[in-house]
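Novice: my questions concern the predicted model and sequence given below.
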Amino acid sequence: MQMRNKMSVRQFLLKDLLRNKLLYIMMLPALAYYILFQYGPMYGAIIAFKEYSPAVGIWKSEWVGLANFQDFFSGFYFWRIFKNTLLISLYTILFEFPAPIILALLINELRSKKFKSFVQSVTYMPYFISLIVICGIVKDFTNSGGVINQLFTYIGGDGNAMLQNPAYFRPIYISSEIWQRFGWESIIYLAALSGIGQEQYEAAKIDGAGRWRQMLAVTIPGLMPTIMVLFILRMGNLFNIGFEKIILLYNSAIYDTADVISSYVYRKGLLEFDWSFSTAVGLFNSVINLVLLLLANQISRKISENSLW
Amino acid sequence: MKRKTNRSMKMMLTALLASSAMLAACSNSGGNNHSPNASPETAAPSTEATAEATPGTSTGTYPIKTDVTLTRWLDSSYVAAQLASVPEMENFPFEQELAKRTGVKVKYVLPAVNQAKEQLNVMFASGEFTDIMEWNFLTQYPGGPEKAIKDGNILKLNDLIDQYAPNLKKYLAEHPDVDKQIKTDSGTYYGFPFIRGDDFLKTYGGLIVRKDWLDELGLPIPETIDDWYVMLKAFKDKKGAAAPLTFISTPRLFDDLQTGAFYGAFGVKRDFYQEDGKVMFGPMQPGFKEFLTTMRKWYAEGLLDKDIATVDGKIRDANMTSGKSGASYGLAGGGIGKWLQAMKDKEPAYDLIGVPYPVLNKGDKPKFGQKDFSAPSGGNFAISSKSKSPELAVQLLDYGYSEEGAKFFNFGAEGTGHTMVNDYPTYTDTIKSNYSLNLGLYTRATGGPTIQDRRYYEQFAALPQQQAAVQTWGNTDVDKYQLPPISTTPEESTEFAKIMNEVNTLVDETTIKIILGTEPIESYDKFVEKLKQLKIDRAVEIEQAALDRYNSR
């Protein structure tokens, strides 16, 4: 039974290959791309288990086993950077992820087409500003005497540089993140919104649903697949907080909340030419991300019947 | 059924759209800084080499007859301002004239501004080297120059210098102290140095105070920590300065004070120094606690900039030119010169003075201060081990140490760079009209493979305030206490870097927390305990061994 089944699979494949020759040929370049540029470089990941020196090459570098991982896990600050990375990611998902959805829903409700595109342009403009400039603005505004700082003193701020207070770092980081990205990210949702059939709205109207009811019963369910896909993808990036924005904003007074894995690796790995160590941390991040991605996908399939595969 | 396929189709499209948006984001953030020059093709060494330089020894005659084009790499942030007006470094008047004089054509490969270290890293990893690389291998290459040679990245130059660099050889024979600074412990030469040819050139930074405010308030030039307290208080109360004392804290906390300002009054620095041949780590000494106590008090009373942990160069400049601050650390050129220039028309009374490094008791001589070594970056012009014509590269680099070459590096060509007035090479009006731009276009007086001339600084820092400041700042005991440019062994360097990375994080964090008042002063004792846990004693031991080796070079 087992045997026969296997044979038939092979036969089926062969038949399919012959029948769809052209399609398979068309697939080749994409396959080559993945092998060359996505799977090939994975070979380089073995330097995480070696003491890599470019002069002797990847293969001839000395094996050191798990020493690089040990270094990382036993680091004096490991738990702090681990916790900070996780918290910033979670808060980002909690606050930043829904923002573009809400914006898209709001824009969708606008009647005037002109006003709609105006709002869209204005909200996605910040996305095109260089990160260095953004961080410069944030620093200026939150320093003593800065606009945001001044406003903050009205509701109980002490007027000192806000980026010197560990408690303010995450809110500042995440709200600037929202400000910069939500317009841009809402584009995907707007595209998905335009795909919802008008007949569904009409049916809802006939059933006596108001605008609010329509949104709950038609718009949001229609948007759900998109939301879930983006959510799962986001979970797969949970541990990838770029070091650029962090190192542009942080200072030693707020390492408590601001120092994350990537900024630590930047200080330690990149500036010290420690390729193997950086790779080990990168590998660790990827493994966690993969686990989270699988987990999110599984849960989503169970709960909402939406999943990547 | 149909609905389902429709749905999964939608799903895939969304995923595709999302990932392409992410890709766009990636290329947007990563790609916009790349200099078009830095493509790997141009980074190959001597690709255009068609003939070898003549073998044998060099007599030091220029121009050399060759049709080899050498490739060079340097941190482009030093020439960023110049590149903005002349986009190709090969077209700088200085470079064109240099090529004519030496007979050697050079192609520059420049990394994106502020990404030099990362891109050097990439260059080493990819194996696509340029012939000549300018880099501080002493402090900015983990493991130091010996390791760089062992890694196969740069060449040991002893034989090459012996045979092809008569000018440098002569200078080193006459100046054994410089010779000691550019060799490794085992006597290896790894690069050509930039040499400060006079003590006068080695001090260029220190504390700067608003002279007009001092005069107006009838205050003396501050010498002791108590004087400083009185002065800052007066700046705050009587002149309304919101941040009386300000200084830069990037990339590391209190970066401006790294040469020992304020710390020095309490006999310490934020890192290593020596006392009678013994290596000390500042934060472990009792004086460090006193420093913290003083700064904490100053911060609490609003004398120290409220934003002190986030101040960068731009903010500091703004503070000093807006009346928000009255005292800071700065350079003779980039501080005094820049701020006076900025305020010349706006506020004619605005005046600055360089003040001595503060001490505890009147009449004491400051223990530390900013002072460069004769070879501040060691031998920072190194030659790639993959270079096809290292002899030629050595001959090219040696030009700057000849009498004619040094004059050219310092003052440019006669006519375009300088004119001789009473036997004194005087910069042309072109250069004088805009030192910060044109010095870099017509000369390489700072940072080149040459011997810097004091007559450069006499003209560059010509303001009486600048001349006086340099004299004031230079009056310290730093020679006695500063560590010479020592190097750890390649084996120890990894261990040392590992320890110091965490130690520095802890030092910065504790320093600022105590000063801001988020932690009590008593936590200093716990901090010392933690430093010991991080094996600071081992780090001191490594430094001590390095110092001993240096002293017996």
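Specialist: Yes, it's here. Keep in mind it's a predicted model, so treat the numbers as computed, not measured.
Novice: can you get me a residue count around the nearest residue to residue B:278 once chain neighbours are set aside?
Specialist: Residue nearest to residue B:278 in three dimensions, not counting chain neighbours: residue B:544, with 7.2 Å by C-beta to C-beta, 6 or more residues apart in numbering or on different chains. Where C-beta positions appear, they are placed from N, C-alpha and C, glycine not excepted. When neighbours are counted by other C-beta atoms under 10 Å in any protein chain shown, residue B:544 registers 17.
Novice: in terms of contact, does residue B:544 touch residue B:279 like I think?
Specialist: Yes - with contact defined as C-beta atoms under 8 Å, residue B:544 and residue B:279 form a contacting pair (4.4 Å).
Novice: who in the stretch 451-553 of chain B is up against chain A?
Specialist: Contact residues (C-beta under 8 Å from any C-beta of the partner chain) of the stretch 451-553 of chain B with chain A: B:497-498, B:501-502, B:505-506, B:508-509, B:511-513, B:516, B:518, B:533-534.
Novice: nearest to residue B:477, of those?
Specialist: When these are ranked by distance to residue B:477 (C-beta to C-beta), residue B:511 comes first, at 23.9 Å.
Novice: hang on, the earlier thing: buried subset of the residues of the stretch 451-553 of chain B next to chain A?
Specialist: B:497-498, B:501-502, B:505-506, B:508-509, B:511-513, B:516, B:534 (16 or more other C-beta atoms under 10 Å in any protein chain shown).
Novice: any chance of JSON lines for these, columns distance to residue B:308 and pLDDT?
Specialist: Output for those, formatted as JSON lines (distance: C-beta to C-beta, whole Å; pLDDT from 0 to 100):
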{"residue": "B:497", "distance to residue B:308": "27", "pLDDT": "84"}
{"residue": "B:498", "distance to residue B:308": "29", "pLDDT": "84"}
{"residue": "B:501", "distance to residue B:308": "23", "pLDDT": "85"}
{"residue": "B:502", "distance to residue B:308": "23", "pLDDT": "88"}
{"residue": "B:505", "distance to residue B:308": "18", "pLDDT": "90"}
{"residue": "B:506", "distance to residue B:308": "19", "pLDDT": "94"}
{"residue": "B:508", "distance to residue B:308": "12", "pLDDT": "94"}
{"residue": "B:509", "distance to residue B:308": "14", "pLDDT": "93"}
{"residue": "B:511", "distance to residue B:308": "11", "pLDDT": "96"}
{"residue": "B:512", "distance to residue B:308": "8", "pLDDT": "94"}
{"residue": "B:513", "distance to residue B:308": "12", "pLDDT": "94"}
{"residue": "B:516", "distance to residue B:308": "8", "pLDDT": "93"}
{"residue": "B:534", "distance to residue B:308": "25", "pLDDT": "94"}
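Novice: thinking again about what came up before, and the residue nearest to residue B:278, what helix or strand is that in?
Specialist: helix B:536-551 (DSSP states H and E).
Novice: which positions in that helix come out as buried?
Specialist: B:536, B:539-540, B:542-547, B:549-550.
Novice: check stretch B:453-460 too.
Specialist: B:453, B:455-457, B:459-460.
Novice: show me the shaky parts of the stretch 301-450 of chain B.
Specialist: For the stretch 301-450 of chain B, applying pLDDT under 70 flags no range at all.
Novice: would you list every one of the strands in the chain?
Specialist: Here I'm looking at chain A. Per DSSP state E, chain A carries strands over the ranges A:50-51, A:62-63.
Novice: ah, I was thinking of chain B
Specialist: Using DSSP E, strands in chain B cover B:69-73, B:105-109, B:132-134, B:195-196, B:205-210, B:245-246, B:272-275, B:278-281, B:327-331, B:352-355, B:381-383, B:418-421, B:424-427, B:451-452.
Novice: can you put the ones you listed in JSON lines and add mean neighbour count?
Specialist: Below are the strands of chain B laid out as JSON lines (neighbours: other C-beta atoms under 10 Å in any protein chain shown):
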{"stretch": "strand B:69-73", "mean neighbour count": "23"}
{"stretch": "strand B:105-109", "mean neighbour count": "20"}
{"stretch": "strand B:132-134", "mean neighbour count": "25"}
{"stretch": "strand B:195-196", "mean neighbour count": "25"}
{"stretch": "strand B:205-210", "mean neighbour count": "25"}
{"stretch": "strand B:245-246", "mean neighbour count": "26"}
{"stretch": "strand B:272-275", "mean neighbour count": "18"}
{"stretch": "strand B:278-281", "mean neighbour count": "18"}
{"stretch": "strand B:327-331", "mean neighbour count": "24"}
{"stretch": "strand B:352-355", "mean neighbour count": "23"}
{"stretch": "strand B:381-383", "mean neighbour count": "27"}
{"stretch": "strand B:418-421", "mean neighbour count": "14"}
{"stretch": "strand B:424-427", "mean neighbour count": "18"}
{"stretch": "strand B:451-452", "mean neighbour count": "26"}
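Novice: now the ones you listed in a markdown table, with distance to residue B:405?
Specialist: A markdown table is the format used below for these (distance: least, C-beta to C-beta, whole Å):
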| stretch | distance to residue B:405 |
| --- | --- |
| strand B:69-73 | 16 |
| strand B:105-109 | 15 |
| strand B:132-134 | 16 |
| strand B:195-196 | 12 |
| strand B:205-210 | 28 |
| strand B:245-246 | 42 |
| strand B:272-275 | 36 |
| strand B:278-281 | 38 |
| strand B:327-331 | 27 |
| strand B:352-355 | 33 |
| strand B:381-383 | 13 |
| strand B:418-421 | 15 |
| strand B:424-427 | 14 |
| strand B:451-452 | 9 |
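Novice: domain ranges for the chain?
Specialist: No chain specified, so I'll use chain A. A:2-63, A:68-304 (automatic domain parsing).
Novice: wrong one, I was asking about chain B
Specialist: Split by automatic domain parsing, chain B gives B:38-198+B:376-452, B:205-370+B:478-551.
Novice: now for those domains, which one comes closest to residue A:131?
Specialist: Closest among those, using C-beta to C-beta: domain B:38-198+B:376-452, at 13.0 Å.
Novice: just to revisit the earlier point, of the buried residues of stretch B:453-460, which is the nearest to chain A?
Specialist: Using C-beta to the nearest C-beta, residue B:460 comes nearest to chain A of the buried residues of stretch B:453-460, at 29.9 Å.
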